[in-house]
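Colleague: Build me a structure from this.
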Amino acid sequence: MLNHQPGGAMEILKLEGELTIFRANELKSLLLGDLRPSVIDLSGVTEIDSAGIQLLMLARKLALQSQTLFQLQAPSPEVSEVFELLRLTDLFETPIAGGANES
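Modeller: From the prediction side, this is the model:
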């Protein structure tokens, strides 16, 4: 289930359920399109696989290239476990600030 919530100047997208290969194609246009969300709430994600990780990494890469805000918010225990296992926690922990250059 997907819920768009206006969050002031940024769009928050709350993902619920699986973030797996079975949903990656469905979510691709939403996460990578011209009107992609700035904040992705992962608190409702019950399962994530390599396709889901790749999709999040690509969304992050696009945000870096376009210098737009990108942040993952409230990862569920399942997501946190996979991030830790793959050593991606630091990569996704720090938000990318819109218009700011990374050090």
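
Colleague: any idea which helix or strand carries the closest residue to residue 24 other than its chain neighbours?
Modeller: Counting by Cβ to Cβ, 6 or more residues apart in numbering, residue 51 is the residue found nearest to residue 24 once chain neighbours are left out, at 4.1 Å. All C-beta spots, glycine's among them, are computed from the backbone N, C-alpha and C. Assigned by DSSP states H and E, residue 51 belongs to helix 50-66.

Colleague: mind checking pLDDT for residue 31?
Modeller: For residue 31, the model assigns a pLDDT of 88.

Colleague: gap between it and residue 82?
Modeller: Distance check for residue 31 against residue 82: by Cβ to Cβ, to the nearest Å, it reads 17 Å.

Colleague: more neighbours, those two?
Modeller: Neighbours were counted for residue 31 and for residue 82 using other Cβ atoms under 10 Å; residue 82 has more, 21 against 18.

Colleague: So what does the residue nearest to that one when sequence neighbours are not counted look like in phi/psi?
Modeller: In this structure, residue 82 finds its nearest non-sequential neighbour in residue 48, 5.3 Å apart by Cβ to Cβ, 6+ apart. The phi and psi values for residue 48, taken as degrees, to the nearest 10, are phi -140, psi 140.
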